[in-house]
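Novice: Got a predicted structure here, sequence first:
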Amino acid sequence: MQTDAILNQLGYMPNEALTGQVTRIVNNTRGFEKIGKHILDLHKTLKVENSYVAMSNSNDYFKIKIESPSNALKAAALEKIEHFSNKYKIKLQKVDGKDTYYIIGFDK
């Protein structure tokens, strides 16, 4: 999967810095070749709940950010994230004190 395509699908305007960042994230995400499409599909699916997949500014991972305005939407987003993680065997790491999860990679 090309870096510009990943950036576009996540809503970023490709540039040299972002291309480098996405390359580092892809290389750091265990099994990205198996799960990349599913990560982008999750991004599309979560938009309904005001949540999304983005690039972390502090770590070389994609992150799932829940910004749902209601508890019902937040619960729906969490259900989709759990389904995504279980179905595709993807390891997530919750960020302490935030409704954010790092996508660590394929969990053998």
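Specialist: That came through fine. Bear in mind the structure is a predicted one, so any value in this text is a computation, not a measurement. Numbers count the residues shown, from 1 in each chain.

Novice: which residue sits closest to the residue nearest the centre of the chain, ignoring its sequence neighbours?
Specialist: The residue lying closest to the centre of the chain (Cα atoms, centre = their mean) is residue 53, at 3.6 Å. Among residues not flanking residue 53 along the chain, residue 43 sits closest, at 3.9 Å (Cβ to Cβ, 6 or more residues apart in numbering). Any C-beta I mention is one placed from the backbone N, CA and C, and that applies to glycine too.

Novice: average pLDDT for the host helix or strand of that neighbour?
Specialist: For residue 43, the host element (DSSP states H and E) is helix 32-46. Mean pLDDT, computed over helix 32-46, is 96.

Novice: Tell me which residues are up against that helix.
Specialist: Residues from elsewhere that reach helix 32-46, judged by Cβ atoms under 8 Å, 6 or more residues apart in numbering: 1, 6, 9-10, 26, 29, 52-53, 62, 64, 66, 77, 80-81, 84, 88, 90, 103, 105-106.

Novice: and the angle for whatever helix or strand comes next after it with helix 32-46?
Specialist: Going down the chain from helix 32-46, the next helix or strand is strand 51-55, by DSSP H and E. Angle between the axes of strand 51-55 and helix 32-46 is 140 degrees (criterion: axes from the mean of the first three to the mean of the last three Cα atoms, to 10 degrees).

Novice: average pLDDT for strand 51-55?
Specialist: The pLDDT scores in strand 51-55 average 98.

Novice: Give the buried residues for that strand.
Specialist: Under the neighbour-count criterion of 16 or more other Cβ atoms under 10 Å, strand 51-55 has 51, 52, 53, 55 buried.
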